[in-house]
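Asker: how would this look folded up:
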Amino acid sequence: MDMSNKTVVITGASRGIGAETARVFAAAGANVVLLARSQGPIADLAGEIGAQAIAIPCNVARYGEVAAAMETAAAEFGSIDVLINNAGVIEPISHLSAADPAGWSDVIDINVKGVFNCIHSALPVMKSGGGGSVLTISSGAAHGPVEAWSHYCTSKAAVNMLNRCLDLEEAENGIRAIGLSPGTVATRMQREIKASGINRVSQLDWSDHIPADWPARALLWMCGPEADAWKGQEISLRDEDIRRAVGLI
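Answerer: Predicted coordinates:
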């Protein structure tokens, strides 16, 4: 994929999938806009990538910050061609009966409201440019319950439906809405899951998790016409045919 003269906004870009996605898209020629609450790591990553990257500290749960970030991205590079909704949290992991209401709500604010905030504020810029791709990180947790993950499962199920609604309403305006379910990825989130010691996912070995650059490369592939068959749907990186198409196997 040649992404020259395209602008990609990536949330949760300070580490893991987000940081690797920034590197992959930048290598493909894209301008990358790095959003995260942690200013230092995204500033360092922007410095690593060079002039085609800018870092904007932003809490996706706060609409005003998101809207200002999208305005800055459009002013700096002239367009928003791809939005990658990657920001997400899973802590505090807890059974429902022991859940902290504030912590439970924080996960919904980031994982659901954060995705809405980014889509809502990026859409006008995308549509004015003739369309674009909205790629959202999903999870197997969107489709089945997992012990002590009620907040995370709920948030991912909601985002899956949000993706479908976006496709229904905006496909005719050139918006490609596609979800990516990457499976378990070797990131800090998996270390948090491991430390909880709860449910089958926490029992997986580190070697069971895929590297973060696999979903990053899948996201780049999803910007091309081969992924059009999944518009309004979700792609699973567990699918060997998808891995083969992306070039992972």
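Asker: With D44 as the reference, measure out to the nearest residue to A74 once chain neighbours are set aside.
Answerer: Sequence neighbours aside, V125 is the residue nearest to A74 in space, at 4.8 Å (criterion: C-beta to C-beta, 6 or more residues apart in numbering). All C-beta atoms are positioned from the backbone trio N, CA, C, and that covers glycine. According to C-beta to C-beta, to the nearest Å, V125 stands 27 Å off from D44.
Asker: which one of these two has more residues nearby?
Answerer: Shown here are V125 and D44; by other C-beta atoms under 10 Å, V125 has more neighbours (21 against 15).
Asker: returning to what we had before: pull out the buried positions in the helix or strand hosting the residue nearest to A74.
Answerer: Element membership for V125 (DSSP states H and E) is helix 114-128. Neighbour-count burial for helix 114-128 flags 114-119, 121-123, 125-126 (criterion: 16 or more other C-beta atoms under 10 Å).
Asker: Figure out how far that helix is from the centre of its chain.
Answerer: Here the centre of mass of C-alpha atoms in helix 114-128, compared against the chain's by C-alpha atoms, centre = their mean, to the nearest Å, lies 14 Å away.
Asker: partner strands of the helix or strand just after that helix, parallel or antiparallel?
Answerer: Counting by DSSP H and E, the element after helix 114-128 in chain order, helix or strand, is strand 132-137. Strand pairing for strand 132-137, using DSSP bridges, gives strand 82-85 (parallel), strand 175-181 (parallel).
Asker: Could you list the buried residues of the helix or strand just after strand 132-137?
Answerer: Next along the chain after strand 132-137, taking DSSP H and E as the criterion, comes helix 150-170. By neighbour count on 16+ other C-beta under 10 Å, the buried set for helix 150-170 is 150-160, 162-163, 166-167, 170.
Asker: Can you pull out the residues in contact with helix 150-170?
Answerer: Contacts to helix 150-170, defined as C-beta atoms under 8 Å, 6 or more residues apart in numbering, come from residues 85, 88, 90, 96, 99, 103-104, 107-108, 111-112, 115-116, 119, 123, 127, 134, 136, 138-139, 141-146, 175, 177-179, 231-234.
Asker: Tell me how far that helix lies from the chain's centre.
Answerer: A distance of 13 Å separates the centroid of the chain from that of helix 150-170, by C-alpha atoms, centre = their mean.
Asker: so it versus strand 175-181, what angle?
Answerer: Relative orientation of helix 150-170 versus strand 175-181 (axes from the mean of the first three to the mean of the last three C-alpha atoms, to 10 degrees): 160 degrees.
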